[in-house]
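Q: One predicted model, sequence on top.
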Amino acid sequence: MSEYLFYFLAFVSIFAALLVVTAKNPIHSVLFLIVTFFAIAGQYIILNAQFLAIVHIIVYAGAIMVLFLFVLMLLNLNKESEPVKSYLMKGIGVLAGCLLALVMVAALHKSTMSPALGNPNEDIGLVGNLGKVLFKEYVVPFEVSSLLFLSAMIGAVMLGKRDPKIEPVNEITN
Amino acid sequence: MKLLIGLSVLAVITMMMGLFKSRKIVLPVVVLGLLGLLYIASGYGCYCEDKMFGMYINEHQFLKMFDINKNSGLVGLIMISGLLITILAHKGFNYTENHRADMHALMLFSMCGAVIAVSYTNLLMLFLGIEIMSIPLYIMAGSNKHDSSSNESGLKYFLLGAFATGFLLFGLALIYGATGSFNVNQIYNYTHNQLNVSGGIFKMGIVFTMVGLVFKIGAAPFHFWTPDVYSGAPSIITSFMSTVVKIAGFGALIFFFNGVLHPMGAEWGKTFAIISAATMILGNVTAVYQISLKRMLAWSSVAHAGYLLMTVAANGNNVPKAVVLYLAAYSLASIATFAVLITTGKENFEDYNGLGKRNKWLAIGLTISLLSLAGVPPLAGFMGKYYLFTTVYEQYPWLVIVAICTSAISIYYYLKTIIAAWFKKGSEDAIQVPLSTVFVILVCILGLIALGLMPQVVLDLA
């Protein structure tokens, strides 16, 4: 049963991801992206990782997609302002992407997963177990990542704040 | 560990000082704090008690994630370069008077990331270190809000950097999938034991990680952002990017390939040799055609990345001492050059015509640091190149020949600047140099001469 579900979700996610790239209307692209994210969240649930699935939906499908839609609304995209890309560039892009995909498929074809990951603990994805791993084994990276968020917050405030134009004592740049 | 906690606490304190409008004392506090941290780091190593703050964490827990004593030479170099640049910021941050404290805090956060990136023992920390280093950089590169080229450089760096980070993360995930661990020792054992197993996923992971890290140091196929970002960002930030960030990126790259993936050297060595040769040739040849000193320095930093990549290809054990010496020489010379750039506030070569008449000391500083970058004896740059080339020569003689030829090209564009400074006629107004800048230039010059005469000091320490 879960095997069929896996193939169905995999098909949906790949199909929707292709539509994201090919859709003409950016709003449609965003909607297909949401479909992709939901399909991937479904995969997490099959793997018994409920926490990851919920976080994935809340963060990606919820927060980030809303942000995308806002930006699209504010940008006021239309045909005239759209940069025209030459067919040569598009062709090169498609070719490079296909080559990368080919190499990756070839690499996957002849490789083995680590035996350590062969029989994973079935319940590892549950919130309780995840929390134990995060706060025991990985507590240092967890704490260190707070530096990352703090600096990002400082930056957001600094860049977002409206500055009065000041005349520097000596012109530094320019 | 003390060093990292100290650095982040200092950064938070600095950030808070911006709140209380105490802009005058920010710089002295940061400088004193960094000096104190240097003392702690040099004196006692970085051991801490079994139980910190009564928490579960103990030393063992930290050592599984990172070990500052591992690459102490590079950590010291990051701290000293950061300190010198902080002193330069006295004048360098004049463009953003309202955000002095924030900028200092961001720089300290970035240094935290750099320290983590050279001392990780767990790939998760490698990723976090690189990110903590990069995010403040994107912001700092775009911090001159009224200058469109600064905005462009910040945005460009952010978009391309985020893309490269995606590759790095994907690569690390694939490596985890193949080996079942993020721990460097276990990955080392995996590569050591399974040399003949064709681990396709593992190799894909290595390739993606290579892309991510090579982007960060700005080497050949992924160098396109370097000139635009370096020349668009405010000069003080460019000096930070071309020293501290380069040291950290290299520390991370060399430890990952020459330390963790050492047994597989035969498989990726040639790739790095080619990347290195391409970087040297592209960087040096393009630098010849530049009309702006800052852009020329950006291309020359690409070229220096190429010289350093030779050692990765040669696959010595862990971080070779020659690399530490070379990075020390390169950082000191870059900081001195950027100090001159920040003082004059001009970027084109023409503006440096007759610099010798306008301020003798600035011109001397520029001359010595550029000569060191070009690798003229008896300065540190020569010693750095000498040791670097001898390390690589046995395995890749052709690479050393490319390096020597491109070094010869580099002498042309470095000398062009020096000739402009001493022999060409330009404006005659004297330039006032603040005391802080004089101090930095003096320290750099003395360091360059001392390292050139006694390179053993660094080689023994590292």
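A: It's in.
Q: Which parts of chain A are helices?
A: A:2-22, A:26-46, A:50-56, A:65-75, A:87-109, A:127-136, A:139-160 (DSSP state H).
Q: Just the pLDDT for the residue most central in space within chain A.
A: Centroid check for chain A by CA atoms, centre = their mean gives A:Y60 as the closest residue, at 7.2 Å. What the model reports for A:Y60 is a pLDDT of 86.
Q: Next one: the nearest residue in space to it that is not next to it in sequence relative to B:F202, how far apart?
A: The spatial neighbour of A:Y60 that comes closest, neighbours along the chain excluded (CB to CB, 6 or more residues apart in numbering or on different chains), is A:F37 at 4.7 Å. All C-beta spots, glycine's among them, are computed from the backbone N, C-alpha and C. Distance from A:F37 to B:F202, counting by CB to CB, to the nearest Å: 28 Å.
Q: quick one: which of these two has more around it?
A: B:F202 (25 against 21; other CB atoms under 10 Å in any protein chain shown).
Q: Go ahead and confirm that one touches B:A178.
A: Yes. Assessed by CB atoms under 8 Å, B:F202 is found in contact with B:A178 at 3.7 Å.
Q: coming back round to it: can you lay out the helices of chain A as a markdown table showing distance to B:V324?
A: As requested, these are exported to a markdown table (distance: least, CB to CB, whole Å):
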| stretch | distance to B:V324 |
| --- | --- |
| helix A:2-22 | 45 |
| helix A:26-46 | 44 |
| helix A:50-56 | 42 |
| helix A:65-75 | 44 |
| helix A:87-109 | 35 |
| helix A:127-136 | 35 |
| helix A:139-160 | 25 |
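Q: Looking at these, which is nearest to B:T165?
A: helix A:139-160 (11.6 Å; CB to CB).
Q: What are the buried residues along the closest one?
A: Neighbour-count burial for helix A:139-160 flags A:139-141, A:144-145, A:147-148, A:150-152, A:154-155, A:158-159 (criterion: 16 or more other CB atoms under 10 Å in any protein chain shown).
Q: got CSV for the helices of chain A, with mean pLDDT and distance to B:K360 too?
A: What follows is those, written out as CSV (pLDDT from 0 to 100; distance: least, CB to CB, whole Å):
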stretch, mean pLDDT, distance to B:K360
helix A:2-22, 90, 61
helix A:26-46, 89, 59
helix A:50-56, 89, 62
helix A:65-75, 83, 54
helix A:87-109, 87, 52
helix A:127-136, 85, 59
helix A:139-160, 90, 38
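Q: So which bits of the stretch 201-350 of chain B are right by chain A?
A: B:I201, B:F202, B:K203, B:M204, B:P234, B:S235, B:I236, B:I342, B:G345, B:E347 (CB under 8 Å from any CB of the partner chain).
Q: so which strand or helix has the fourth one?
A: Assessed by DSSP states H and E, B:M204 sits inside helix B:200-217.
Q: How far away from the center of its chain is that helix?
A: Taking CA atoms, centre = their mean, to the nearest Å, the mean C-alpha location of helix B:200-217 is offset from the chain mean by 20 Å.
Q: elements contacting that helix?
A: Counting contacts by 3 or more CB pairs under 8 Å, 6 or more residues apart in numbering or on different chains; DSSP states H and E, helix B:200-217 packs against helix A:87-109, helix B:123-141, helix B:148-179, helix B:246-254, helix B:265-288, helix B:293-314.
Q: Let me have the ones you listed in TSV, extended by mean neighbour count.
A: Below are the helices and strands packed on helix B:200-217 laid out as TSV (neighbours: other CB atoms under 10 Å in any protein chain shown):
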stretch	mean neighbour count
helix A:87-109	11
helix B:123-141	26
helix B:148-179	19
helix B:246-254	27
helix B:265-288	20
helix B:293-314	26
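Q: so B:P377, which of the three states?
A: Look at B:P377: counting by DSSP: H, G, I helix; E, B strand; the rest coil, its state is coil.
Q: measure the closest residue to it other than its chain neighbours to B:Y188 for me?
A: Once flanking residues are discounted, B:P377 sits nearest to B:G452: 7.1 Å by CB to CB, 6+ apart. For B:G452, the distance to B:Y188 equals 36 Å [CB to CB].
Q: So those two - more neighbours on which side?
A: B:G452 (20 against 16).
Q: is it true that that one lies in a helix?
A: Yes. With three-state DSSP as the criterion, B:G452 is located in a helix.
Q: Next up, the contacts around it.
A: Shown in contact with B:G452 (CB atoms under 8 Å, 6 or more residues apart in numbering or on different chains): B:A329, B:S372, B:P377, B:P378, B:L379, B:A380, B:G381, B:F382, B:M383.
Q: among the residues you listed, which ones are buried?
A: B:A329, B:S372, B:L379, B:A380, B:G381, B:F382, B:M383.
Q: Including secondary structure and pLDDT, could those go into JSON lines?
A: Compiled in JSON lines, the buried ones among the contacts of B:G452 are given as follows (DSSP: H, G, I helix; E, B strand; the rest coil; pLDDT from 0 to 100):
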{"residue": "B:A329", "secondary structure": "helix", "pLDDT": "93"}
{"residue": "B:S372", "secondary structure": "helix", "pLDDT": "93"}
{"residue": "B:L379", "secondary structure": "coil", "pLDDT": "89"}
{"residue": "B:A380", "secondary structure": "helix", "pLDDT": "89"}
{"residue": "B:G381", "secondary structure": "helix", "pLDDT": "89"}
{"residue": "B:F382", "secondary structure": "helix", "pLDDT": "91"}
{"residue": "B:M383", "secondary structure": "helix", "pLDDT": "89"}
